[in-house]
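**Student:** fold the following, please.
(one chain, ligands or ions: 1)
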Amino acid sequence: MTAEVEAVDLFVIGGGSGGVRAARIAAGHGARVAVAEKFRMGGTCVIRGCVPKKIYVYASRFADEFAEAEGFGWTVTKPAFDWPRLVAAKEREIIRLSAIYASNLDKAGVAIHQSRAVIEGPNRVVLDDGRRIDAKNILVATGGVPEHRPVVPGLDLAISSNEIFDLPRLPKRLLAIGAGYVALEFASIFVRLGSAVTVAYRGEQILRGFDGDMREGLATQLQEAGVVLKPNTSLAGIERAEDGLRASLTDGTVLSVDQVLMATGRRPATDGIGLERAGVELDRDGSIKVDAFSRSTVPSIFAVGDVTNRLNLTPVAIREGHALADTLFGGKPMPVHHHAVATAVFTTPEIGTVGMGEEEARNCLDMVDIYKTSFRPMKSTVSGHTGRTIMKIVVDGASDRVVGVHVLGEGAGEMAQLLGVLVRMGATKADFDATMAVHPTAAEELVTMRTRTARYLRENRH
Ligand code: NDP
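**Tutor:** Residues are numbered from 1 along each chain as shown. Next up, the predicted model:
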């Protein structure tokens, strides 16, 4: 064990999206920076999240393409899917991306320690090999970990999104618990790869917090794709069976399945990194308390990304990391605002959304105007696919400002990115109306919805 003490301006714990961005930008500003990452560079998003998920989404959608091709004159004979080949292709891509992350850090002059790091005090961390490093600033960017709820007998037999990508075999029967991003994205993927999929969730409807029409529209189309939805239902227990697992649900159903995917949210990864000893305060949900500049209750310790549980999305962590580096070393104090962040749920069909849903707007605003359309996209009318695209614009009736836009359908995620710009800029419905359509696209409906579908006035405001 060596007593050697190095010194850096910024020590980053965690090589995920937020940590890597902060490290790279800080080094670019001339800071001496080190990153500790025990596993591979890239974090949840690159290794076992967004990136492999999107690869699997692409894989799954070929099933629809093969079916729809018939309507356009093609004869598609016996398409066959090979799970191990998909897993291998995914693995090649994340190895490539992880290497890029590491080499970008290297090129920026950031020291990489393949190790855990534990905070020993406001300005010191210790690595697995006992090496101590003095740091003017410490950034905790350790992300989050899946949290399995409720705790029931046999829970250890279930898997999380961490394991599902690398299963040795495609599960023929999959039960997902929860109705958030993870449960529904994997339900969409696996039903198309040929699994029988059931999703059980405690609420009345999927995707709590999203616009009601998006929730209902997606639930319908998941069922049309073959997913069995079980609302108002929780997991009661899991046991081993000869042919896999036996999962008991609270409605009395017992399902024979090959895998149970727990997708009941995540918790901040704060265990065992010395936060308490350093005096860093945690919130009630276990996240690190930070201000708008990502500073914790200890002035030299900062946190970005899921470990702060502000808005658990990769681009948000990246922005928080970048802003922190600019604040500390770029002479540009940059607070991060989490207003009008566009997001996509990569189900099939996907949801692209920004701003308030109808229900939220009706709670917050005195007058809400709704513009809504639902149509079969051109491709479906020819192919015979039953899926409908749903679009909704939520407008503050008093100012004409668009406060939310929601799309369910092909390309919704791509649309959401640009809609995010408009909502942030404060575009009005009149701006949408004045914009010329791009024809023939689905997105043109967003600028051609002239007739208001509903107007809601809030009564008894005070
Ligand atoms: P979510 O928070 O999206 O959903 C959690 C689900 O678990 C909800 O249906 C919730 O029900 C349910 N749940 C929570 N507690 C319990 C309980 N005690 N018993 C039964 N059910 C429970 O989490 P996910 O795991 O789906 O995703 C984790 C995070 O990853 C999300 O915060 C998301 O931001 C991120 N993510 C983003 C993606 C994207 O941007 N496309 C893709 C995948 C993940 P209820 O609604 O009733 O609380």
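**Student:** can you tell if the particular helix or strand that has residue 240 in it touches the ligand?
**Tutor:** Secondary structure from DSSP states H and E places residue 240 in strand 235-241. No - counting by C-beta under 6 Å from any ligand atom, the ligand has no neighbours in strand 235-241; the shortest distance is 7.5 Å. Where you see a C-beta, it was placed from the backbone N, CA and C, and this is true even at glycine.
**Student:** now that strand, how far from the chain's geometric center?
**Tutor:** 28 Å (C-alpha atoms, centre = their mean, to the nearest Å).
**Student:** what does the nearest residue to residue 209 once chain neighbours are set aside show for phi and psi?
**Tutor:** Once flanking residues are discounted, residue 209 sits nearest to residue 357: 7.7 Å by C-beta to C-beta, 6 or more residues apart in numbering. Per-residue torsions, residue 357: phi -80, psi 170 (degrees, to the nearest 10).
**Student:** how many other residues sit next to residue 357?
**Tutor:** Neighbourhood size, residue 357 [other C-beta atoms under 10 Å]: 21.
**Student:** what distance do you get for it to the ligand?
**Tutor:** 14 Å (C-beta to the nearest ligand atom, to the nearest Å).
**Student:** list the contacts for that residue?
**Tutor:** With contacts defined as C-beta atoms under 8 Å, 6 or more residues apart in numbering, residue 357 is in contact with 209, 210, 211, 212, 214, 394, 404, 406.
**Student:** restricted to buried residues, select those residues in PyMOL.
**Tutor:** Command for PyMOL, covering only those of those found buried under the criterion 16 or more other C-beta atoms under 10 Å:
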select buried, resi 210+211+214+394+404+406
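**Student:** and of the contacts of residue 357, the nearest to the ligand?
**Tutor:** Nearest to the ligand, judged by C-beta to the nearest ligand atom, of the contacts of residue 357 is residue 209 at 7.3 Å.
**Student:** residue 118 and residue 126 touch, don't they?
**Tutor:** Yes - contact status for residue 118 versus residue 126: in contact at 5.3 Å, counting by C-beta atoms under 8 Å.
**Student:** for the strand holding residue 240, buried residues please.
**Tutor:** 235, 236, 238.
**Student:** separation between the residue nearest to residue 209 and residue 230?
**Tutor:** 24 Å (C-beta to C-beta, to the nearest Å).
**Student:** pull the contacting residues for the closest residue to residue 6 other than its chain neighbours.
**Tutor:** The shortest distance from residue 6 to any non-neighbouring residue, by C-beta to C-beta, 6+ apart, is to residue 133 (4.8 Å). Counting by C-beta under 8 Å, 6+ apart, residue 133 makes contact with 5, 6, 7, 8, 11, 34, 117, 124, 125, 126, 127.
**Student:** looks to me like residue 213 is in a helix.
**Tutor:** Yes - with DSSP: H, G, I helix; E, B strand; the rest coil as the criterion, residue 213 is part of a helix.
**Student:** follow-up on the earlier one: which strand or helix spans the residue nearest to residue 6?
**Tutor:** strand 132-140.
**Student:** please name the bridge partners of the residue nearest to residue 6.
**Tutor:** As for beta bridges, residue 133 partners with residue 6, residue 125 under DSSP bridges.
**Student:** local confidence estimate at it?
**Tutor:** In this prediction, residue 133 carries a pLDDT score of 97.
**Student:** now do the strands in the stretch 151-300 of the chain.
**Tutor:** 173-177, 196-200, 228-230, 235-241, 244-249, 254-257, 259-262, 266-268 (DSSP state E, counting those that start in this stretch).
**Student:** pull the residues that contact the last one.
**Tutor:** Strand 266-268 is touched from outside by 142-147, 282, 285-288, 306-309, 312, with contacts defined as C-beta under 8 Å, 6+ apart.
**Student:** just stretch 368-376 next, same as before
**Tutor:** 213, 217, 358, 361-362, 385-397, 429, 445, 449, 451-456, 458.
**Student:** show me what counts as buried in that stretch.
**Tutor:** So, applying 16+ other C-beta under 10 Å, buried residues of stretch 368-376: 368, 369, 370, 371, 372, 373.
**Student:** would you say the first one is within a strand?
**Tutor:** Yes - using three-state DSSP, the secondary structure at residue 368 is a strand.
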